[in-house]
Every structure is written in C-alpha cells, then in structure tokens.
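**Student:** only geometry, no sequence info:
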C-alpha cells in the first residue's frame, strides 16, 4: 500500500501484522525499490494512525501518549538508494515487560532528505510512502464491539426496485484491532434466500473507532433498465422481505451479533418488462385473430356493408 501517491519509491511491504509477548523482541523487514534513474536520499519517520468510518487513514506525529513508537528501531533511518536498486531495511520491535496487551498501530514513512551539500534532494519525491504495521501485544487483551446501526439507503418503507445499499455501522470498543466477517441474508415471502457479503474478514477495524460496511443487492451500480430487470428475476423480492445481518468477530473471544430489518420491495423493472411482454402478446394475438378471419373470407367486425 502506497499511503500517498509517489513517483519514485515502491514499497514491497505495504502492510505488516506482527505480534510479540511483553518482554520479547520481534524482528521485521522492509523492502524499498527506487523506480527512477537517479539516486535518492531518504529519511524515515514513525507515526501512529487511526481511521474514520469509511476506513480512510489519519496519521499523527509522536506525542507523549505514543511512547510505544519508541519500541520500533530501524537499522537505518537515513539511506541512499541507488537508481533501480532494491534495498532491504531490517527493523526490530522491543516490547517492554510492562506493556499492556492489545493493539498498537504504527506507520514507517519514507520521504526525501535534503542534501546537506546543496540543500536540495537528489530527486524530488512528491509525497511520503510508508508501511502500516498492526502490532499485537499478546496477553489478555479486550475484544469487544457492537453494531451501532443497520439500515437501508435510501431510508424509506417501500422500494420500487432493489435498495441501493445496505449499511452496517460497527464500533470496536476493545483494545485490539478486529477483522470481522459479516453477511446479510435476504429472505422473500416465497422462502427464497439471497446472501450478500458485507465484510470478508480482511477489512480492519481499529480499537476505539467506528467502521462502516456497505453492500448492495445489485451486482453493479452501472446497470441499465433491462439488466436490473434480469437481476430482479433471479431473486424475486416481491412484497414483504426480511434482511438479517450476521456479524462475527474476535480471535480469542469469538462473538456473533445479529440484527434484522423488514423491507417491502416492488421489482418495478421486472414488472414493467413483464407487463410490456404481456401487452405485446395480446396485440399479436389480436392481429393474428383478424388476419385469420380475413383469410377465411369472414368480414371483420366494424366494416360497413357499403364498403364492399
């Protein structure tokens, strides 16, 4: 993951998940590649990060509350990386014996360093690139969370067509990051069911943050009228339906949450197509009926005798 667009450096270790017990040291490795045809002088700095409900990251410099960043020690924090060169940078995370079990988030950024000789960098880098590190201190950490909202967007009672989105708002109020798995089961009044994945166990919810998950009945948001009708025909959501959210999270303390909402869906695209098809059949049947009467020499109704 390149945390911001960059024109010069590729990170081959974008996200790392690491763990250690209090009092232990865990070693890691970063790999950088200089894509340019010029040498680069880079310097590293450590920050912590959080995320908003859409998963957008926000980075924060070292403060007195982030002493855990001092656990991270790079073998080199100033490097000269040659043109088209790949470089491995070892680092270590030394966890003090007094460390509280839980999750600790850090990012190792690399950015341009001014050349002390001419006060200019060899090549300008337009932004920082970095590696996200999700570090877990083993022990009796707290895995806890709750579904704060589950709704359909747009919010209304009757839907003419499938809802645009199902949205789930989940709050991690523990002290370790979570990777939830969630699915939504839609059940129509015929007993037919459709399953939608809302979270696949890969998206991370940081401690003390909210994360929004969303999914849709539609396979694509860029569907034309007939594509919507075809998809509605595959799962006949006609009339009252029920959406059940099944939400699972936790590694040591596995937890299962569930929520339900009632919907009333009218598959308007499918109904219009069926109505148009039925109307077309009626017109063809009537035309065929009059043609057959004419062929048999029978006067069609409504023809004046004087017109013979």
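**Tutor:** Sure thing, it's come through. Everything numeric here is computed off the predicted structure, so don't read it as measured data.

**Student:** what pairs with the closest residue to residue 145 other than its chain neighbours across the strands?
**Tutor:** Leaving aside its chain neighbours, residue 145 sits nearest to residue 172 (4.8 Å; criterion: Cβ to Cβ, 6 or more residues apart in numbering). C-betas here are computed from N, CA, C, even on glycine. Counting by DSSP bridges, residue 172 forms beta bridges with residue 145, residue 209.

**Student:** What count of nearby residues applies to residue 172?
**Tutor:** By other Cβ atoms under 10 Å, 24 other residues sit near residue 172.

**Student:** in terms of contact, does it touch residue 179 like I think?
**Tutor:** No: look at residue 172 against residue 179 with Cβ atoms under 8 Å: they stay out of range, at 10.4 Å.

**Student:** what is in contact with the two at once?
**Tutor:** Common contacts of residue 172 and residue 179, defined by Cβ atoms under 8 Å, 6 or more residues apart in numbering, comprise residue 205.

**Student:** so what's residue 37 up against?
**Tutor:** Here residue 37 is in contact with 83, 84 (criterion: Cβ under 8 Å, 6+ apart).

**Student:** phi, psi of it?
**Tutor:** phi -90, psi 10 (degrees, to the nearest 10).

**Student:** gap between residue 203 and residue 103?
**Tutor:** 15 Å (Cβ to Cβ, to the nearest Å).

**Student:** quick one, which of the two is more surrounded?
**Tutor:** residue 103 (21 against 15).

**Student:** got a pLDDT number for that one?
**Tutor:** For residue 103, the pLDDT comes out at 93.

**Student:** wait, it sits on residue 175?
**Tutor:** Yes: counting by Cβ under 8 Å, residue 175 is a contact partner of residue 103 at 6.5 Å.

**Student:** what residues are shared contacts of these two?
**Tutor:** Each of 141, 207 lies in contact with both residue 103 and residue 175 under the rule Cβ under 8 Å, 6+ apart.

**Student:** So what's the gap between the longest helix belonging to the chain and the chain middle?
**Tutor:** Counting by DSSP state H, the longest helix found in the chain is helix 268-295. Relative to its chain's centre, helix 268-295 lies at 46 Å (Cα atoms, centre = their mean, to the nearest Å).

**Student:** ok, and the helix or strand in this structure with the lowest average confidence?
**Tutor:** In the chain, no helix or strand scores lower on mean pLDDT, DSSP states H and E than helix 225-234, which sits at a mean of 76.

**Student:** what about the closest residue to residue 173 other than its chain neighbours, how many neighbours?
**Tutor:** Counting by Cβ to Cβ, 6+ apart, residue 144 is the residue found nearest to residue 173 once chain neighbours are left out, at 5.3 Å. Residues lying near residue 144 (other Cβ under 10 Å) number 17.

**Student:** all numbers from here: first residue = 34
**Tutor:** Sounds good: first residue 34 from here, last item residue 177.

**Student:** From residue 243, how far off is residue 177?
**Tutor:** If you measure residue 177 against residue 243 using Cβ to Cβ, the figure is 14 Å.

**Student:** just residue 309 next, same as before
**Tutor:** In terms of Cβ to Cβ, residue 309 sits 45 Å off from residue 243.

**Student:** More neighbours: these two, which one.
**Tutor:** In this view residue 309 and residue 243 are compared by other Cβ under 10 Å, and residue 243 has more residues nearby, 18 against 11.

**Student:** is it true that the more buried one touches residue 201?
**Tutor:** No: using Cβ under 8 Å, residue 243 is not in contact with residue 201; the gap is 10.7 Å.

**Student:** Show me the beta-bridge partners of residue 216.
**Tutor:** Applying DSSP bridges, one finds that residue 216 bridges with residue 230, residue 279.

**Student:** wait, what's in contact with it?
**Tutor:** 228, 229, 230, 231, 278, 279.

**Student:** now these: which count as buried?
**Tutor:** Neighbour counting over the contacts of residue 216 (16 or more other Cβ atoms under 10 Å) leaves 231, 278 as the buried ones.
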